[in-house]
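A.B. asks: Have a look at this fold, sequence not included:
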């Protein structure tokens, strides 16, 4: 579909979904964002749903300002995927051992490595530029520096919530490795600190929603936030790279006879800020639950833990600020999912997937998410499908 335009106070709201299907609280959030004095554009993805301050599934383009709550507390959260030389014919009938090995290699939930992972010993890790990464931690907010040891041990860990590691096959039978995570606790600490700092500033006192507090250009607060934001986005990218290397090592060991090789890794943020230029203006583009889909950009749009996911290539649609959705998007809250579904429902909806099927992940049940096929269909003018994946193993936090 093409977008539907809904009137907004400062800018029109471009929606790649039927506005009538969007929950009232999410529509109100979109209208609130459209009142911001600095806003130059607002694009809404098909997976849109209610979030803190700004909806998940929105792309907010502002001139000379950025809203930290519109980035989300998991700065740099995103996806990585890689196609392997393995095929479905190489796989054993029972994948429980492989799932166990993945869980041993990659700490999940609140878990962390006993000692920081040495990236130089991680398969395929892009060490270029990593040398000065931790030295730049000395320049982030003093409020989080005491978290350094934890942050180093969490590098290469999954976290909880909707984060996952998956072992998948595409429609041709090729095996893919895929994972979803972000900047772990250090990103959350930085986000919450700066959201609090923004809310104290005088220019934010009359906003319609205090969670939409912004930093403005040419101020020390903006400079401090940008420094910490971009550092956290880099942490998230490295975190996924370490995990993907550990994942690849597990697969190489478990399928030693197959001499597994890997294509280049696809990686994309979907909670982040980028400096981009549109219509001759330099803008700060915040994607909260959205990926960059510039012409030729590879991206990953996952479904739920029992459906499937898509590898896509961007079409470069500037009406969406070169963006596309980041996933299927929730159609109900976690608490609502727990009230509605049982572990028996989870077992039925994840049939054929080697994964947890206990009460601790009922809130991640496929029924709590929008149909991924419909979400993809609604953005045919934003991306083209490269591959459709179906998970065989799903590791949740």
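C.D. replies: All right, it came through fine. Since we're looking at a predicted model, the values are computed, not measured. Residues are numbered from 1 along each chain as shown.

A.B. asks: mean confidence for the stretch of helix or strand residue 249 belongs to?
C.D. replies: Assigning secondary structure by DSSP states H and E places residue 249 in helix 220-254. Here helix 220-254 scores 97 as its mean pLDDT.

A.B. asks: Now the residue nearest to the spatial centre of the chain: closest residue in space that isn't a chain neighbour?
C.D. replies: Centroid-nearest residue in the chain, with C-alpha atoms, centre = their mean: residue 78, separated by 3.0 Å. Nearest in space to residue 78, with sequence neighbours left out and distances taken as C-beta to C-beta, 6 or more residues apart in numbering, is residue 269 at 4.0 Å. C-beta coordinates here come from the backbone N, C-alpha and C atoms, glycine included.

A.B. asks: hang on, the earlier thing: go ahead and confirm the residue nearest to the centre of the chain touches residue 236.
C.D. replies: Yes: under the criterion of C-beta atoms under 8 Å, residue 78 makes contact with residue 236 at 6.4 Å.

A.B. asks: Now list whatever residues contact both of the two.
C.D. replies: Common neighbours of residue 78 and residue 236, counting by C-beta atoms under 8 Å, 6 or more residues apart in numbering, are 181-182, 269.

A.B. asks: List the contacts of stretch 48-57.
C.D. replies: 15, 17, 22-23, 25-26, 29-30, 33, 44-47, 58, 60, 67, 69-70, 72-73, 209, 211-212, 286, 288-290, 325-326, 329-331.

A.B. asks: For stretch 349-357, buried residues please.
C.D. replies: Buried residues in stretch 349-357, counted by 16 or more other C-beta atoms under 10 Å: 349-350, 353-357.

A.B. asks: Give me the contacts around it.
C.D. replies: For stretch 349-357, using C-beta under 8 Å, 6+ apart, the contacting residues are 95-96, 98-99, 305-306, 343, 346-347, 361, 365-367, 391-396.

A.B. asks: just to revisit the earlier point, quick one: the residue nearest to residue 78 and residue 235 touch, right?
C.D. replies: No: applying C-beta under 8 Å as the test, residue 269 and residue 235 come out as separate, 11.4 Å apart.

A.B. asks: which parts of the helix or strand containing residue 335 are buried?
C.D. replies: Take DSSP H and E as the rule and residue 335 turns out to sit in helix 334-340. Buried residues in helix 334-340, defined by neighbour count with 16+ other C-beta under 10 Å: residue 337.

A.B. asks: just stretch 190-202 next, same as before
C.D. replies: Neighbour-count burial for stretch 190-202 flags 190-191, 193-195, 197-199 (criterion: 16+ other C-beta under 10 Å).

A.B. asks: Need the residues that contact it.
C.D. replies: Identification of contacts with stretch 190-202 by C-beta under 8 Å, 6+ apart yields 67-69, 71-75, 140-141, 143-144, 183, 204, 210-211, 213-215, 221, 224-225, 228-229, 231-232.

A.B. asks: Report the buried members of those residues.
C.D. replies: Here, 16+ other C-beta under 10 Å leaves 67-69, 71-75, 140-141, 144, 183, 204, 211, 213-215, 224-225, 228-229, 231-232 buried among the contacts of stretch 190-202.

A.B. asks: now, which of those lie within helices?
C.D. replies: Among the buried ones among the contacts of stretch 190-202, the ones falling in helices (DSSP state H) are 224-225, 228-229, 231-232.

A.B. asks: Kindly reformat the buried residues of stretch 190-202 as CSV containing pLDDT.
C.D. replies: CSV is the format used below for these (pLDDT from 0 to 100):
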residue, pLDDT
190, 97
191, 96
193, 97
194, 97
195, 96
197, 97
198, 97
199, 97
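
A.B. asks: okay if I get the residues you listed as JSON lines plus secondary structure and distance to residue 249?
C.D. replies: Listed next are the buried residues of stretch 190-202 as JSON lines, based on DSSP: H, G, I helix; E, B strand; the rest coil; distance: C-beta to C-beta, whole Å:
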{"residue": "190", "secondary structure": "helix", "distance to residue 249": "30"}
{"residue": "191", "secondary structure": "helix", "distance to residue 249": "31"}
{"residue": "193", "secondary structure": "helix", "distance to residue 249": "35"}
{"residue": "194", "secondary structure": "helix", "distance to residue 249": "36"}
{"residue": "195", "secondary structure": "helix", "distance to residue 249": "37"}
{"residue": "197", "secondary structure": "helix", "distance to residue 249": "40"}
{"residue": "198", "secondary structure": "helix", "distance to residue 249": "41"}
{"residue": "199", "secondary structure": "helix", "distance to residue 249": "44"}
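
A.B. asks: And those residues, which is closest to residue 167?
C.D. replies: Nearest to residue 167, judged by C-beta to C-beta, of the buried residues of stretch 190-202 is residue 191 at 30.6 Å.

A.B. asks: ok, residue 117 to residue 187 distance?
C.D. replies: 17 Å (C-beta to C-beta, to the nearest Å).
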